[in-house]
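J.: Have a look at this prediction, sequence included:
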Amino acid sequence: MIAQEELPMVAIPSMNDTHLEESLLVNKLESSAKDNDIEATLATLKELLEHTTLHFSKEENIMKESSFFEYNSHKAEHDRHLSELQSIIEYFDERRDPNAILAYINGNLKAWMIDHIKTMDTVMAKHAQSS
């Protein structure tokens with residue numbers, strides 16, 4: 001589970017709200033996988049993909065509007081993450097293995113999310129606020 005206190009805060013409040021919403025979805029996903037609820041897990045995976053796609057689109061618009069110097073690398077990381085999430089959904093849809101989802105959350109997703117906010121999002125938000 002991702003505790004709210006673990007989420008780094010950035011200079012744009014709406015981004016903090018979005019990150020919190022996303023962490024709550026990850027927690028919901030972890031709970032449904034732990035409960036071995038296949039349908040809820042699949043539905044939450046799809047909800048997470050939809051939320052993340054919109055989240056990244058908003059960030060990319062902020063980057064464009066502020067002429068963010070690291071736009072290409074930041075967007076490439078967004079694209080890589082979305083592709084990975086789509087692959088996880090396809091894998092889960094085929095195999096219906098909740099342990100794979102738990103391994104993804106605890107072995108990758110949680111750490112990636114916190115690191116991405118601490119590094120890329122923090123720099124981008126600071127840049128956008130000063131533009």
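T.: Okay, I see it. Numbers count the residues shown, from 1 in each chain.

J.: So what's the residue count around Tyr71?
T.: A total of 15 residues lie near Tyr71 under the criterion other Cβ atoms under 10 Å. (Glycine included, C-beta is placed from N, CA and C.)

J.: which SSE is Met113 in?
T.: For Met113, the element it lies in under DSSP states H and E is helix 110-116.

J.: Flag every buried residue along that helix.
T.: For helix 110-116, burial by neighbour count (16 or more other Cβ atoms under 10 Å) applies to Lys110, Met113, Ile114, His116.

J.: Please state the offset of whichever helix or strand comes after it from the chain centre?
T.: Sequence-wise, the next helix or strand downstream of helix 110-116 (DSSP H and E) is helix 122-130. Mean C-alpha position of helix 122-130 versus that of the full chain (Cα atoms, centre = their mean, to the nearest Å) differs by 19 Å.

J.: Which residues does helix 122-130 contact?
T.: Applying Cβ atoms under 8 Å, 6 or more residues apart in numbering, the contact partners of helix 122-130 are 8, 10-12, 15, 59, 62-63, 65-66, 68-70, 74.

J.: Closest one of those to Arg96?
T.: Glu59 (32.2 Å; Cβ to Cβ).

J.: The closest one: neighbour count?
T.: Glu59, neighbours per other Cβ under 10 Å, totals 22.

J.: List the residues that contact it.
T.: The contact partners of Glu59, taken as Cβ under 8 Å, 6+ apart, are Met15, His74, His78, Asp121, Met124.

J.: rewinding a little: packing partners for the helix holding Met113?
T.: helix 13-34, helix 71-95 (3 or more Cβ pairs under 8 Å, 6 or more residues apart in numbering; DSSP states H and E).
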